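A.B. asks: mind folding the following:
(4 chains)
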Number of protein chains: 2
Amino acid sequence: MAVGVRFQLNDRLFLRDPQSTALGCRIIHHSILLIDELGFEAFTFKKLAERINSTEASVYRYFENKHLLLIYLVSWYWEWVGYLIDTGTMNVEDPSRKLKIAIENIVDASRENPAIEYVNEHVLHRIVIAEGTKAYHTKQVDEENKEGFFLDYKRLAEKLAAIIRELNPSFPYARTLASTLIEMSNNQIYFAEHLPRLTDLKIKDQNYRELAEMMEFFAFRLIAAAED
Amino acid sequence: MAVGVRFQLNDRLFLRDPQSTALGCRIIHHSILLIDELGFEAFTFKKLAERINSTEASVYRYFENKHLLLIYLVSWYWEWVGYLIDTGTMNVEDPSRKLKIAIENIVDASRENPAIEYVNEHVLHRIVIAEGTKAYHTKQVDEENKEGFFLDYKRLAEKLAAIIRELNPSFPYARTLASTLIEMSNNQIYFAEHLPRLTDLKIKDQNYRELAEMMEFFAFRLIAAAED
DNA sequence: AATGTTTGATAGTATTGCTATCTTTATAGC
DNA sequence: GCTATAAAGATAGCAATACTATCAAACATT
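C.D. replies: Below is the predicted model:
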């Protein structure tokens, strides 16, 4: 279990590093809970400020707006998943074992013991599932991408793609498979909960084993050395 | 080519049927263009009203809010894709041919001749790619799902799943593969344009042939009768 | 000519998404 | 303990958003 990890995120995402002050940590802590409660659209800095007994102006000293806060939170989550994959595969040679470990962590990183007290990884996972793609589905993607706002997501995808290439160097779609698996994980969990006719998955008691198996089925069958 | 099609969408999506009046058609026509221009977040009914030389109040007589308008537009698009798949596979027996036709239409329905003058399918496709998932990624999914707001999407997925089952009745994840292929198509196009490190796809001159081939590769390799 | 429906014009309200300024409070260095 | 300075709180204000309400004008229908 990981204790005391502290991720260094892109410092253009915030005005003042929230990890450096008590108020900053409260902002992170309660923004996760409040976004989960209200949904990202209804979430505002004013409501957050009320919740933490602070003021709107104070929150704005940390984040330019709620959109950048969302990118911050989602980046934190992907960074955390990447970290878990790294430590989980550290002394593992077998690439197919590596892929399984990666999939397990993508599917359910919060199964691991939380890394930081003020981040509720379990709730954050729900936010990533429900709101994650809103981070990059905006008119400003291109500028924000140039600023490196999506590096954590891209790094995670690259990590996964590298394992895929290890398993089969001639597989022609490593990047596509990597990003598809990540998106698929979030989508299938969301569908199982809200639009069940869009998935074969049934999730009971937070058990993501079935999803991991499904994703392994998809990944290994696709990667299998082509017989042509 | 399809001329004069007119889709019957869920009538709880609107207050007054936009297809029934000239103003309604202008609202549809220009909301597609304006959402594409501004992005969904910056798009407002006031700006739309200005664009069509009408008033905010008049637009509100057709749609309760911009969120329902988005669901309406996205539903229209999936309805159109479903229609194209139906007509395209009408006299086709071979299920593998059917799947190819379905994939082609999911990947690029606007390759077909437009069905209705006031709907620019090509621009609407861009909206579905960039904003489509916002239709169901909200706190109200469950109530809206009960109202049947996502039936068109689910019907399309079911159509695809049926073809998959035809190809291999023992394939255990027909629904998951169906929804994954649809989401994958939109994501990979978006990534190719904005976050190219997340995909192996390169799109030049609106040519989606490569994407269709990639999706066929994924689909057929997965569906292939299991050798276990 | 009377009737109903659609649209336009205008106004108003609560909330959102900020920015600015000023004061109070905590902290750190000397 | 005193002083500088940084962080946080308090308050105000403003333009835009997301609506709702009302009334009059235009238009189509019988």
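
A.B. asks: so which residues make contact with stretch A:35-43?
C.D. replies: For stretch A:35-43, contacts defined as C-beta atoms under 8 Å, 6 or more residues apart in numbering or on different chains pick out A:31, A:34, A:47, A:66, A:70, A:73, A:123, A:126-127, A:130-131, A:134, B:138-139. Where you see a C-beta, it was placed from the backbone N, CA and C, and this is true even at glycine.

A.B. asks: which parts of it are buried?
C.D. replies: Residues of stretch A:35-43 classed as buried: A:35-36, A:39-41, A:43 (neighbour count, 16 or more other C-beta atoms under 10 Å in any protein chain shown).

A.B. asks: show me which residues of chain A are close to DNA strand C?
C.D. replies: Within reach of DNA strand C by C-beta under 7 Å from any atom of the strand, chain A has these residues: A:42, A:44-47, A:56-57, A:60, A:64-67.

A.B. asks: quick one: low-confidence ranges for chain A?
C.D. replies: By pLDDT under 70, the low-scoring segments of chain A are A:1-4, A:225-228.

A.B. asks: make it 80
C.D. replies: A:1-6, A:112-115, A:225-228 (pLDDT under 80).

A.B. asks: check which helices and strands whatever helix or strand A:L181 lives in sits against.
C.D. replies: For A:L181, the element it lies in under DSSP states H and E is helix A:174-194. With contacts defined as 3 or more C-beta pairs under 8 Å, 6 or more residues apart in numbering or on different chains; DSSP states H and E, helix A:174-194 has these neighbours: helix A:95-107, helix A:121-131, helix A:151-167, helix A:209-223, helix B:141-146, helix B:174-194.

A.B. asks: most tightly surrounded among the ones you listed?
C.D. replies: helix B:174-194 (a mean of 23; mean count of other C-beta atoms under 10 Å in any protein chain shown).

A.B. asks: helix or strand: which one has the closest residue to A:V123 other than its chain neighbours?
C.D. replies: Nearest non-adjacent residue to A:V123, counting by C-beta to C-beta, 6 or more residues apart in numbering or on different chains: A:D36, 4.9 Å away. Assigned by DSSP H and E, A:D36 belongs to helix A:22-38.

A.B. asks: quick one on the thing from earlier: do you know how far the residue nearest to A:V123 is from B:N145?
C.D. replies: Relative to B:N145, A:D36 is positioned 19 Å away (C-beta to C-beta, to the nearest Å).

A.B. asks: then A:L195?
C.D. replies: In this view, A:L195 and B:N145 are 6 Å apart by C-beta to C-beta.

A.B. asks: which neighbours do these two share?
C.D. replies: Shared contacts of A:L195 and B:N145, defined by C-beta under 8 Å, 6+ apart, comprise B:Y136.

A.B. asks: SS state for A:F171?
C.D. replies: Classification of A:F171 using DSSP: H, G, I helix; E, B strand; the rest coil returns coil.

A.B. asks: in the helix or strand following the helix holding A:D36, what counts as buried?
C.D. replies: As assigned by DSSP H and E, the chain's next helix or strand after helix A:22-38 is helix A:45-51. The neighbour-count check on helix A:45-51 (16+ other C-beta under 10 Å) flags A:45, A:48-49 as buried.

A.B. asks: what's next to stretch A:208-223, contact-wise?
C.D. replies: With contact meaning C-beta under 8 Å, 6+ apart, stretch A:208-223 is reached by A:96, A:99-100, A:103-104, A:106-108, A:111, A:164, A:167-168, A:171, A:173, A:177, A:181, A:184-185, A:188-189, A:200-203, B:172-173, B:176, B:180, B:218, B:221-222.

A.B. asks: and the single longest helix found in chain A, is it in reach of DNA strand D?
C.D. replies: In chain A, taking DSSP state H as the definition, the longest helix is helix A:66-88. No: contact between helix A:66-88 and DNA strand D is absent, the nearest approach being 13.2 Å (criterion: C-beta under 7 Å from any atom of the strand).

A.B. asks: which other helices and strands does that helix contact?
C.D. replies: Secondary-structure packing of helix A:66-88 (3+ C-beta pairs under 8 Å, 6+ apart): helix A:22-38, helix A:95-107, helix A:121-131, helix A:151-167.

A.B. asks: the inter-axis angle of the first one versus helix A:66-88?
C.D. replies: For helix A:22-38 against helix A:66-88, the angle by axes from the mean of the first three to the mean of the last three C-alpha atoms, to 10 degrees is 100 degrees.

A.B. asks: and helix A:22-38, how far out from the chain's middle?
C.D. replies: 16 Å (C-alpha atoms, centre = their mean, to the nearest Å).

A.B. asks: using CSV, write down the CA coordinates of that helix.
C.D. replies: What follows is helix A:22-38, C-alpha atoms only, in CSV (Å, rounded to 0.1, in the frame of the first residue of the first chain):
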residue,chain,number,x,y,z
ALA,A,22,-4.6,23.4,4.5
LEU,A,23,-7.3,25.3,2.6
GLY,A,24,-6.0,23.9,-0.6
CYS,A,25,-6.4,20.4,0.7
ARG,A,26,-9.9,21.1,1.9
ILE,A,27,-10.7,22.4,-1.6
ILE,A,28,-9.5,19.2,-3.2
HIS,A,29,-11.2,17.0,-0.6
HIS,A,30,-14.6,18.7,-0.7
SER,A,31,-14.6,19.5,-4.4
ILE,A,32,-14.4,15.7,-5.0
LEU,A,33,-17.3,15.1,-2.7
LEU,A,34,-19.4,18.0,-4.0
ILE,A,35,-18.9,17.3,-7.7
ASP,A,36,-19.9,13.7,-7.0
GLU,A,37,-23.0,14.9,-5.1
LEU,A,38,-24.2,17.6,-7.5
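
A.B. asks: A:Y60: what's it in contact with?
C.D. replies: If you count contacts by C-beta under 8 Å, 6+ apart, A:Y60 has them with A:15, A:45.

A.B. asks: how about a cut-off of 10 Å?
C.D. replies: Contact analysis of A:Y60 by C-beta atoms under 10 Å, 6 or more residues apart in numbering or on different chains lists A:15, A:45, A:49.

A.B. asks: mind putting the helices and strands packed on helix A:66-88 in TSV, distance to DNA strand D included?
C.D. replies: Listed next are those as TSV, based on distance: least, C-beta to the nearest atom of the strand, whole Å:
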stretch	distance to DNA strand D
helix A:22-38	3
helix A:95-107	33
helix A:121-131	17
helix A:151-167	25
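
A.B. asks: and those as JSON lines, adding distance to B:K159?
C.D. replies: Listed next are these as JSON lines, based on distance: least, C-beta to C-beta, whole Å:
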{"stretch": "helix A:22-38", "distance to B:K159": "34"}
{"stretch": "helix A:95-107", "distance to B:K159": "28"}
{"stretch": "helix A:121-131", "distance to B:K159": "26"}
{"stretch": "helix A:151-167", "distance to B:K159": "30"}
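
A.B. asks: for B:S20, find the nearest of those.
C.D. replies: Nearest to B:S20 among the helices and strands packed on helix A:66-88 is helix A:121-131 (35.2 Å), distances taken as C-beta to C-beta.

A.B. asks: centre of the chain to the closest one, how far?
C.D. replies: 8 Å.

A.B. asks: what is that helix packed up against?
C.D. replies: The contact analysis (3 or more C-beta pairs under 10 Å, 6 or more residues apart in numbering or on different chains; DSSP states H and E) places helix A:121-131 against helix A:22-38, helix A:66-88, helix A:174-194.
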